[in-house]
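Visitor: Please find the sequence and the predicted model below.
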Amino acid sequence: MKIKSEKQTTATADHIVEGRYGHVSGEGAAREQHKCVHGRGGCGTDHPWSQGDSGNCLFHNKLIRPSCLQELGQGDEVGDGTTTVVLLAGEFLKEAKPFIEDGVHPQNLIRSYRTASFLAIERVKELSTSIEGKSLEEKKSLLAKCAATTLSSKLIGGEKEFFASMVVDAVIAIGSEDRLNMIGVKKVPGGNMRDSFLVNGVAFKKTFSYAGFEQQPKKFVNPKILLLNIELELKSEKENAEIRLSDPSQYQSIVDAEWNIIYDKLDKCVQSGAKVVLSRLAIGDLATQYFADRDIFCAGRVTEEDLNRVAAATGGTVQTSVNNVIDEVLGTCELFEERQVGNERFNIFSGCPSGRTATIVLRGGADQFIEEAERSLHDAIMIVRRALKNSTVVAGGGAIDMEISRYLRQHARTIAGKSQLFINSYAKALEVIPRQLCDNAGFDATDVLNKLRQKHALPSGEGALYGVDINTGGIADSFANFVWEPSVVKINAINAATEAACLVLSVDETVKNPKSESAQGEAAASAMGRGRGGAALRGGHGRGMRRR
């Protein structure tokens, strides 16, 4: 069999993620699929990471080969469906293996697979249901069901309805804004998952503050907000400054000038009428006390991302100078307050006029748990955004996959030649989705698949929406049970899996660098040989070994 290396990679990726597909895979945080592993991460540093997300697993297992890049691209494109792509690509290659071993040219398989992919995508479009023309409440309800379907297989699947509603509100808040960085996710360890909340505006952790900060007001109604990218701190000029004095008595005038410069900046900030002053650079102790005496709140060293989100939400403009600050560059909001969240203090801007931002403050247990929850929310946000932009959904639970499989088998009967066999193998591979759902739930996959085949074979498409019912271990109408997913996710998954399989099939052979392999072997040997136990394995004098 050709291209051994790439096929091994796809098989390994398939094995790694198959247990993470479906609703049941995310129910127990203590299950092996969601354990935290302490190992060498993708960035080359040792840190714990969670195995709950398929894209995260592929990244940390360093399966970054061409086929896996195709699969990871699914997450970048639509935010979810990485597991689906890996399962489908692996199954396509399994079905292709007997043909390759029998001497079939890979290009014949590739042409048939791409034809089958085109037919499958057309069938998905035919079975899609539009959510256009619905009222806002109806649309939010439909989008929440899409988000809940995505979150079902995640670590936070037990609270999927709670987070699905939060995600939908956040996506609708940014409207047609295509920049996802307008939705912020702030992680606060401790508390319960249900302590998480959504801010229709901006929230960020309290920045480093100087003496006098405690005297500043922490709550304003309809304040004016000044956003700066300058330093409000008394500093002596260190570089490119040279002053020559003929009279030592003139030195005091130089010192006074430095004080006058900072006070002039602070006076202009006060004269602007702003009650909240934020800066990306430092706001020193002098400025902090100055603003406190005048009942003004200030925060320095605000991150660029948070400052830009505040600007977008409040309608303000970041200034690089305090000269000529006019009302048009000031932002505003209905309420600004500093609030305690867990062990952290948060600055919260709510009731913003532009309404183009939202912030999810995420609570939970350990840091690894919250990081995994953040990745889960990212997937749900991407899914809801795609569903909102494309406005079509399909039945989940393996229903759409079984219907495409039936449709392709029926179409294959009209084709003469070997292509009929190839398209049939493609159709058979699609059944891996409902089969994996059954396996992960502990059901008899053979029995459930037989029921699904019988239901989907009914005339007039009566059973086209039937999929696996996780609750009963049988089959049910997935659409009626609100198990939905955006059609764009399924279309992209079919495209990506087909292209990944075709990419592997089109490779004649791979070339490995022997130096890199020897280096990896030496690294493994050195890691194995650390400590006294390692010395014993190497034939040295380990603990409990007699000296010769």
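Guide: Right, received. Where do you want to start? Computed from a prediction, not measured in an experiment: that's the story for all the values here.

Visitor: Output the longest helix belonging to the chain.
Guide: In terms of residue count, the longest helix belonging to the chain (DSSP state H) is helix 367-390.

Visitor: The next helix-or-strand element following it packs against which elements?
Guide: Once the chain leaves helix 367-390, the next helix or strand it forms, by DSSP states H and E, is strand 392-395. Under the contact criterion of 3 or more Cβ pairs under 8 Å, 6 or more residues apart in numbering; DSSP states H and E, strand 392-395 touches helix 106-127, strand 129-130, strand 484-486, helix 487-506. Glycine gets a C-beta too; all of them are placed from N, C-alpha and C.

Visitor: buried stuff in whichever helix or strand comes after strand 392-395?
Guide: Where DSSP H and E defines the elements, the next helix or strand beyond strand 392-395 is helix 399-412. Residues 399-409, 411-412 are the ones in helix 399-412 that count as buried (16 or more other Cβ atoms under 10 Å).

Visitor: Go through these and say which is closest to S354.
Guide: I400 (38.3 Å; Cβ to Cβ).

Visitor: if you skip the residues just before and after it, what's nearest to the closest one?
Guide: Closest residue to I400 in three dimensions, ignoring its sequence neighbours and counting by Cβ to Cβ, 6 or more residues apart in numbering: V394, at 4.7 Å.

Visitor: partner residues bridging that neighbour?
Guide: The partner list for V394 in beta bridges (DSSP bridges) reads E485.

Visitor: ok, it touching I491?
Guide: No. At 9.2 Å, V394 does not count as touching I491 under the criterion of Cβ atoms under 8 Å.

Visitor: more crowded one of these two?
Guide: Using other Cβ atoms under 10 Å, the more surrounded residue of V394 and I491 is V394, with 26 against 22.

Visitor: Tell me how far the more buried one lies from E334.
Guide: 40 Å (Cβ to Cβ, to the nearest Å).

Visitor: can you check V483 too?
Guide: 39 Å.

Visitor: Which of those two has more residues huddled nearby?
Guide: Between V483 and E334, V483 has the larger neighbour count (other Cβ under 10 Å), namely 25 against 15.

Visitor: shouldn't that one be in contact with V393?
Guide: No. With contact defined as Cβ under 8 Å, V483 does not reach V393; the gap is 10.2 Å.

Visitor: distance of H105 from L143?
Guide: 46 Å.

Visitor: my bad, should have said D195
Guide: Counting by Cβ to Cβ, the gap from D195 to L143 is 24 Å.

Visitor: Compare the two (neighbour count), which wins?
Guide: For D195 versus L143, the count of surrounding residues by other Cβ under 10 Å is larger for L143: 28 against 14.

Visitor: Spatially nearest residue to that one, not counting backbone neighbours?
Guide: Spatial nearest neighbour of L143, excluding adjacent residues (Cβ to Cβ, 6+ apart): V168 at 4.7 Å.

Visitor: for that neighbour, what are its contacts?
Guide: K140, L143, A144, A147, V384 (Cβ atoms under 8 Å, 6 or more residues apart in numbering).

Visitor: domains of this structure?
Guide: Domain assignment for the chain by automatic domain parsing gives 4-130+394-506, 136-200+360-390, 202-239+251-354.

Visitor: Just put those domains in a markdown table and tack on mean pLDDT and distance to L245.
Guide: Formatted as a markdown table, the domains of the chain follow (pLDDT from 0 to 100; distance: least, Cβ to Cβ, whole Å):
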| stretch | mean pLDDT | distance to L245 |
| --- | --- | --- |
| domain 4-130+394-506 | 76 | 53 |
| domain 136-200+360-390 | 85 | 51 |
| domain 202-239+251-354 | 89 | 6 |
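
Visitor: now the ones you listed as CSV including distance to K512?
Guide: Listed next are the domains of the chain as CSV, based on distance: least, Cβ to Cβ, whole Å:
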stretch, distance to K512
domain 4-130+394-506, 7
domain 136-200+360-390, 32
domain 202-239+251-354, 41
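
Visitor: re earlier: ok now the helix or strand the residue nearest to L143 falls within, how far from the chain's centre?
Guide: Here V168, judged by DSSP H and E, is contained in helix 160-174. Taking the mean of its C-alpha atoms, helix 160-174 sits 15 Å from the chain's own mean (Cα atoms, centre = their mean, to the nearest Å).

Visitor: Enumerate every residue touching the residue nearest to L180 when sequence neighbours are not counted.
Guide: Closest residue to L180 apart from its sequence neighbours, by Cβ to Cβ, 6+ apart: I381 at 6.7 Å. Shown in contact with I381 (Cβ under 8 Å, 6+ apart): G79, V167, A170, V171, L180, I183.

Visitor: cool, R435 as well?
Guide: Contacts of R435 (Cβ under 8 Å, 6+ apart): A445, L449.

Visitor: run the last query once more with 6 Å
Guide: A445 (Cβ atoms under 6 Å, 6 or more residues apart in numbering).

Visitor: can you check I423 too?
Guide: S112, A116, L408, A412.

Visitor: Y466 now?
Guide: A399, K455, I475, D477.

Visitor: same thing but at 10 Å, please
Guide: With contact taken as Cβ atoms under 10 Å, 6 or more residues apart in numbering, Y466 is in contact with 395, 397-399, 402-403, 434, 451-452, 454-456, 458, 474-480.

Visitor: Next step: those restricted to strands.
Guide: A395, G474, I475, A476, D477 (DSSP state E).
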